[in-house]
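**Student:** Predicted structure and sequence below. I'll ask about it afterward.
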Amino acid sequence: MDMSTSSPVITDPVSISPPLLGSLTSNLMPFSVMSGGCSSPGMNVSTCRRKIEEVLVSGLLDAMKSSSPRKKHNLAFSPGDSPDEDPAYAAWMSKCPSALTSFKHIVANAQGRKIAVFLDYDGTLSPIVDDPDKAFMPPAMRAAVRNVAKYFPTAIVSGRSRKKVSEFVKLKELYYAGSHGMDIVTSAAEHNAEKGKEANLFQPALEFLPMIDEVSKSLLEATSGIKGANVENNKFCVSVHYRNVAEKDWEVVARLVNEVLEAFPRLKVTNGRMVLEVRPVIDWDKGKAVEFLLQSLGLNDSENVIPIYIGDDRTDEDAFKVLRERNCGYGILVSQVPKDTEAFYSLRDPSEVMAFLNSLVRWKKHSL
C-alpha cells in the first residue's frame, strides 16, 4: 500500500534472507553482504567471516527492533469509536480504514456470494501476553468464532503448531493450518477421524521434521542463559520469543540464533512481534496456505467467493498480498499503530475483531 510520506509508518521488515548462513560461497548471499569489505586484498577468511556475521546479526537486530515498537496509542475507546486525535494515525486510517466503520461496504460486495473466513490466532483472537503458553482465547471470542463457523467456512492460520492452536481454540467446526500453513487439515471433523487418523492432511515440509527438532534443541540450549528467552517448537518451525528479554540483550539473542543456524543452511529466520521464527527454506507461507485451502474446499471461484483474512503479524502480510493480487476478498490488519501493509482494512485489537465477527453473523442471519 502506498503510504503518505507525512505519516510515520512502521514497516515490518521482510524475512532475513538468506537464512543466517555459515557458507561464504553461497550464491544466496545478498550482494550487500558479499561486497561488505570481503573483497579487500589480503583479507583472510576468518576476518571475512566475522564481517559477514556482524552484518547478519546487525540486520537481524534492526529487524527485531523494527517489528517490536514500544510506542502505544491511547486505546481508551470502545469498538467502532472514532480514531484517536492523532494526525499520523488518522492519515493511515484514511488508507486502511476500520473494517467496522466500513462494514456495510464489505458486505454489500458479498451479496449473492459466499464468504470464507481466515483468522490468525495470537494478537487476533487472543491478546498478546508475556507467556505464549497462556495466550488463551476469551469465552466470548470462542462463541463468536463458533457462530461464524456456522455460517461461513472458517479456518485458523497460525504460526503455532496445529495441535497447540487447536487446543487453544477448542472448536471442531473449523479448519486448522499450523506452522505458518505448513501443517494443514482440510477436514473440520479432524478430532472425530476414525481410528485416530487425521483426514486430508497436507504437510509440504514433512522432510524437515528431524531438522526442526534438532534446531529446536540447539536453540533451547543456546538461549538457556538469557533471562526471559523462550523457545517454542511449533512442529514445522521454531519460535524464539524475546518479549520478556531485556532490550539490551536482544543483540545476544540475534547472535546466538545466527550461530545456531550456521549449521542449518536449509532453514531461515523471519521476524514477527517480539519473536524470531526459524522456518524451512521452501516456497510456502500463509498466503500459499490460504490458496491451498480455498482450492481444497472448493472455494477457488473468485467470482463467487469472497475470502476475508484477519491477522496482526508480519507473516499475515503474505495472505493479504494473495487476496490483493487475486483482486478478491479483503485483508484486515489488526494493529494499534500505523504499518505499511497489503491489507485493505484494519481493526485495532481482538475486541474489535470480535465485534466484526459478530457483525458478520448478524448480517448473515438477517439476509437469510
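**Tutor:** Cool, got the structure. A quick note: this is a predicted structure, and the numbers were derived from the prediction, not measured.

**Student:** CA atoms for contacts and neighbours, from now on please.
**Tutor:** Will do.

**Student:** Please enumerate the helices of this structure.
**Tutor:** 31-34, 45-66, 87-95, 103-108, 139-151, 162-169, 209-222, 250-261, 286-296, 317-326, 350-367 (DSSP state H).

**Student:** which residues of the protein score low on pLDDT?
**Tutor:** 1-53, 55-56, 67-85, 188-199 (pLDDT under 70).

**Student:** Run through the residues that contact residue 204.
**Tutor:** 182, 183, 284 (CA atoms under 8 Å, 6 or more residues apart in numbering).

**Student:** Generate a PyMOL selection restricted to the buried subset of those residues.
**Tutor:** Applying 16 or more other CA atoms under 10 Å to the contacts of residue 204, the buried members can be selected in PyMOL as follows:
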select buried, resi 182+183
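
**Student:** Of the contacts of residue 204, which belong to strands?
**Tutor:** Those of these mapping onto strands are residue 183, per DSSP state E.

**Student:** What is the nearest of the contacts of residue 204 to residue 153?
**Tutor:** Among those, residue 183 lies closest to residue 153 (CA to CA), at 18.2 Å.

**Student:** State the distance from the nearest residue to that closest one once chain neighbours are set aside to residue 308.
**Tutor:** Distances taken as CA to CA, 6 or more residues apart in numbering put residue 203 closest to residue 183, at 4.8 Å, once the chain neighbours are dropped. Separation of residue 203 from residue 308 (CA to CA, to the nearest Å): 23 Å.

**Student:** For the two, work out which one has more neighbours and name it.
**Tutor:** residue 308 (20 against 15; other CA atoms under 10 Å).

**Student:** wait, doesn't the more buried one sit right on residue 120?
**Tutor:** No: counting by CA atoms under 8 Å, residue 120 is not a contact partner of residue 308; they are 11.3 Å apart.

**Student:** Roughly how far does residue 109 sit from residue 209?
**Tutor:** 42 Å.

**Student:** mind listing what the residue nearest the centre of the chain touches?
**Tutor:** For the chain, the residue nearest the mean C-alpha position is residue 315 (3.1 Å; CA atoms, centre = their mean). Residues in contact with residue 315 (CA under 8 Å, 6+ apart) are 180, 272, 285, 286.

**Student:** Which one of these is nearest to residue 295?
**Tutor:** residue 286 (14.2 Å).

**Student:** and the residue nearest to residue 123 when sequence neighbours are not counted, what is it in contact with?
**Tutor:** Using CA to CA, 6+ apart and skipping residues adjacent in sequence, the residue nearest residue 123 is residue 312, 6.0 Å away. By CA under 8 Å, 6+ apart, the residues touching residue 312 are 120, 122, 123, 124, 333, 334, 335.
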